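Colleague: Just need the structure, nothing else, for what follows:
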Amino acid sequence: MKRITLPLFTIATALAIVLALPLFAQAEGAADVYKAKCVACHAADGSGSPMGKKMGAQDLASPEVQKMSDADLADAITNGKNKMPKYPAVDAKALVAYIRTLKK
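Modeller: From the prediction side, this is the model:
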């Protein structure tokens, strides 16, 4: 039986791609959730829409929000906060990671 060997670089590259795919899918999914559930109040860039500002929506890109712990942000997403409704079915961890990309 003839043995087939692949260069280490090829194996490492393939492994990196396979391991990175879930991260890309998770980030894309979180962006879709943000667009569907958060943009109305927090705006696309996280700064807050006019309606959201009237209702007290925080600027998600602000240092105050960005310094919050992941657990606190996930809790606000899952359980709601002030006038923000609960989103228990949302992948809060992925959405928090997306919110982190909005920082100023």
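
Colleague: From the chain's centroid, how far away is the one helix or strand residue 53 maps to?
Modeller: Counting by DSSP states H and E, the element that carries residue 53 is helix 50-54. Using CA atoms, centre = their mean, to the nearest Å, the mean C-alpha position of helix 50-54 is found 22 Å from that of the whole chain.

Colleague: per-residue confidence averaged over that helix?
Modeller: Averaging pLDDT along helix 50-54 yields 91.

Colleague: so what secondary structure elements neighbour it?
Modeller: Judged by 3 or more CB pairs under 8 Å, 6 or more residues apart in numbering; DSSP states H and E, helix 50-54 is in contact with helix 39-42. Where you see a C-beta, it was placed from the backbone N, CA and C, and this is true even at glycine.

Colleague: So for the helix it packs on, could I get the coordinates as PDB, restricted to C-alpha?
Modeller: Coordinates of the C-alpha atoms in helix 39-42 are reproduced here as PDB (Å, rounded to 0.1, in the frame of the first residue of the first chain):
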ATOM      1  CA  VAL A  39     -30.500  48.500  15.600                       C
ATOM      2  CA  ALA A  40     -33.800  50.100  16.100                       C
ATOM      3  CA  CYS A  41     -32.700  51.500  19.500                       C
ATOM      4  CA  HIS A  42     -28.900  51.200  19.400                       C
END
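
Colleague: what packs against it?
Modeller: The contact analysis (3+ CB pairs under 8 Å, 6+ apart) places helix 39-42 against helix 50-54.

Colleague: related to what we said a few turns ago, can you list contacts of the helix holding residue 53?
Modeller: For helix 50-54, the external contacting residues (CB atoms under 8 Å, 6 or more residues apart in numbering) are 40, 41, 42, 43.
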